[in-house]
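Participant: predicted structure and sequence below. I'll ask about it afterward.
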Amino acid sequence: MAIVFACEKFSHYVYGRMTLVHSDHKPLEAIFRKPICDTSPRLQRMLLRLLKFQITIEYLPGSKMLIADTLSRAYLPEELPEIQDDLVEDLEVLIHAMSSRFPASPQRMEDFRTETQSDVVLARLRNFLQEGFPEVTTDLPAELKQYKKLSSDIYEMDGLLFVHGKLIVPQTRRLEMLGLLHEGHLGIEKCKGLARTCFYWPGLSADIEQFVGKCTICNSFCHKQQKEPLLPHPVPGRPWEKVAADIFQLFGNDYLLIVDYYSKYPEICLLQGKTASSLIPHMKSVFSRHGIPCELVADNMPFASVEMQRFADLWNFKITTSSPLYAQSNGMAERAIQTVKMLMKKAEREGSDPYIALLQYRNAPVAGLTYSPAELLMSRLLRSRLPVSNDRLQPRTQHAKSALKKRQQNQKKFYDRRAKPLPPLRKGDSIRVQQGGQWNAGVVLDQHEAPRSYIIKTEHGSTLRRNRRDLVLTNETIQDYQPVMEESICNRAESSQEQSAPDDLESLNSEPQLDILPDLEPVHTPVRSCLKTRSGRTVKPPVRFQNFVT
């Protein structure tokens, strides 16, 4: 307050003039740069009294302030009772004014005062504010060490502790404040911003993250997760070694598309149905032209069926299924479908031949390369209606694998600009899985052999396979949502036993006979076909799911 008394003492000389004040108290420079609302009440009173003066504080060490240092040792004792009385009166008015504006009822304010006095940490903090913090803080609790960093901004007002105008909440009231803070189910960052305007305690941000992370309502409506860095399939060593397949619908018809990972060469077949028995003859026709691949990447249905697996075993190739409901894991087929559908739509709009469009696409160079899908697969261009020299139609063998790898690396580089990896999940982690636009609770059972793929169990008891991007790690405990499944499991077991009883021979004879090859295992009825709803109705899957492996 010495600077206040000095300015008021010499107000006739400094009022209305730009005045430079040298002080050996360096924190004054930062204090005068702060907004008045961000300072403690004591500093607010000082700054308000100095508002009428145009002063600039500049730090100067005491060893260089010879006159001021000399006069400070030979000052004249002078009492200013009028000023002291004014200070006390102003202080009381300020405290009561700030207390009355605090958004809380008198009863709640009284509860806060009582619990602040009974809180052990805050009681020691009040003593330290009056007597000063010890220089050695090794024996202090972590909270008091955090308070020590803010000691210049902490003040006591009417039995309550404040820092930067925010109430310091005692330990017993923090859970209640978190509940009020998250009453509108705002996100973590919104709750942090709202909390910073109201109250404070050490570790507030971490407590908010923990509290909001356990909210089942917020976890049920969270946004879709950001994309992860691209995980491309390795470039095969030769053409038609690895292919992708998928089914798409256009103009009311179903089509099977098979595309080569090496050459990007597409094959399209018109289907009469989407079951495995309808797909296998077309796949045999394509494989007889280009050879049997070593690996087929496809979606789960119907490529994960028992009949399709028998076909793969008989023709000696491997079927790799993508993560359910995550089409990006079968991106090669999805991108090829997008291109082929666009070609067929344009041909249909113009009334031209779609086979010419497919021929042109197979002869056009792959983006970023000088080779076309036909050249990469067959080492030659396909003759089309375009005037091409005979030399271009001659077979030519080039090593294009390095160019394909470079093209793939460039794609990954641009894709990963806005992607970052998600932390891996462990067995037993509580998660939320996206189903039908809502995030349902579940738990991780195990990690699938495919990268970023996990086997989970939902709160409804179903076991699913999902990609990591469709799973959100939460702080919820399994007991919060895990239903009691013993009764439903018993009901399913009883229903499966009843269905297996050979009372109805006619129904047994009507079932499809899938044991064509004697060396294969018999087909078992999936357990989920016996599920029952709460009302007791038996849930039966559609007929098209009969050959689908869960």
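Facilitator: Good, I have the coordinates.
Participant: now do stretch 196-203: distance from first to last residue.
Facilitator: End-to-end distance for stretch 196-203, by C-alpha to C-alpha, to the nearest Å: 12 Å.
Participant: check which residues of it are buried.
Facilitator: Phe199, Tyr200, Trp201, Pro202 (16 or more other C-beta atoms under 10 Å). Glycine gets a C-beta too; all of them are placed from N, C-alpha and C.
Participant: okay, the residues you listed in CSV with pLDDT next?
Facilitator: Formatted as CSV, the buried residues of stretch 196-203 follow (pLDDT from 0 to 100):
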residue, pLDDT
Phe199, 87
Tyr200, 90
Trp201, 90
Pro202, 90
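Participant: show me these that map onto strands.
Facilitator: Using DSSP state E, the subset of those located in strands is Phe199, Tyr200.
Participant: what sits against Leu358?
Facilitator: Going by C-beta atoms under 8 Å, 6 or more residues apart in numbering, Leu358 touches Pro266, Ile268, Val340, Leu343.
Participant: show the pLDDT at the first one.
Facilitator: If you check Pro266, the pLDDT there is 94.
Participant: count the residues that sit near it.
Facilitator: The local packing of Pro266 (other C-beta atoms under 10 Å) involves 20 other residues.
Participant: setting aside sequence neighbours, what's the nearest residue to it?
Facilitator: Spatial nearest neighbour of Pro266, excluding adjacent residues (C-beta to C-beta, 6 or more residues apart in numbering): Val259 at 4.7 Å.
Participant: surely that neighbour meets Phe248?
Facilitator: No. With contact defined as C-beta atoms under 8 Å, Val259 does not count as touching Phe248 (11.8 Å).
Participant: who's more crowded, the two?
Facilitator: Of the pair Val259 and Phe248, Val259 is the one with more neighbours under other C-beta under 10 Å, namely 24 against 19.
Participant: so the more buried one sits in a strand?
Facilitator: Yes. The assignment for Val259 is a strand, going by DSSP: H, G, I helix; E, B strand; the rest coil.
Participant: quick one: residues contacting it.
Facilitator: Val243, Ala244, Ala245, Tyr265, Pro266, Glu267, Met332, Ala333, Ala336.
Participant: now these in TSV, with distance to Arg383?
Facilitator: Shown next, in TSV, are those (distance: C-beta to C-beta, whole Å):
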residue	distance to Arg383
Val243	24
Ala244	27
Ala245	27
Tyr265	16
Pro266	18
Glu267	18
Met332	27
Ala333	28
Ala336	23
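Participant: buried among those? Make that a ChimeraX selection.
Facilitator: Here is the ChimeraX selection string for the buried members of the contacts of Val259, based on 16+ other C-beta under 10 Å:
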select :243,244,245,265,266,267,332,333,336
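Participant: closest to Gln360 among the contacts of Val259?
Facilitator: Pro266 (12.4 Å; C-beta to C-beta).
Participant: now that closest one: phi and psi?
Facilitator: Pro266 has phi and psi values of phi -100, psi 150 when expressed as degrees, to the nearest 10.
Participant: next one: Arg407
Facilitator: phi -60, psi -40.
Participant: and the nearest residue to it once chain neighbours are set aside, how many neighbours?
Facilitator: Spatial nearest neighbour of Arg407, chain neighbours left out: Gly368 (4.3 Å); criterion: C-beta to C-beta, 6+ apart. Gly368: 12 surrounding residues under other C-beta under 10 Å.
Participant: secondary structure element for Gly368, which one?
Facilitator: Using DSSP states H and E, Gly368 sits in no helix or strand.
Participant: so what's His233 up against?
Facilitator: Per C-beta under 8 Å, 6+ apart, neighbours of His233: Lys242, Tyr261, Val297, Met332.
Participant: quick revisit: surely the residue nearest to Arg407 touches Asn410?
Facilitator: Yes. Here Gly368 reaches Asn410: they are 6.9 Å apart, a contact under C-beta under 8 Å.
Participant: what helices or strands is the host helix or strand of Leu180 leaning on?
Facilitator: Per DSSP H and E, Leu180 falls inside helix 174-181. Packing partners of helix 174-181 (3 or more C-beta pairs under 8 Å, 6 or more residues apart in numbering; DSSP states H and E): helix 188-195, helix 204-213.
Participant: need those in JSON lines with distance to Lys64, mean neighbour count and mean pLDDT, can you?
Facilitator: Putting the helices and strands packed on helix 174-181 into JSON lines (distance: least, C-beta to C-beta, whole Å; neighbours: other C-beta atoms under 10 Å; pLDDT from 0 to 100) gives the following:
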{"stretch": "helix 188-195", "distance to Lys64": "45", "mean neighbour count": "16", "mean pLDDT": "91"}
{"stretch": "helix 204-213", "distance to Lys64": "43", "mean neighbour count": "16", "mean pLDDT": "91"}
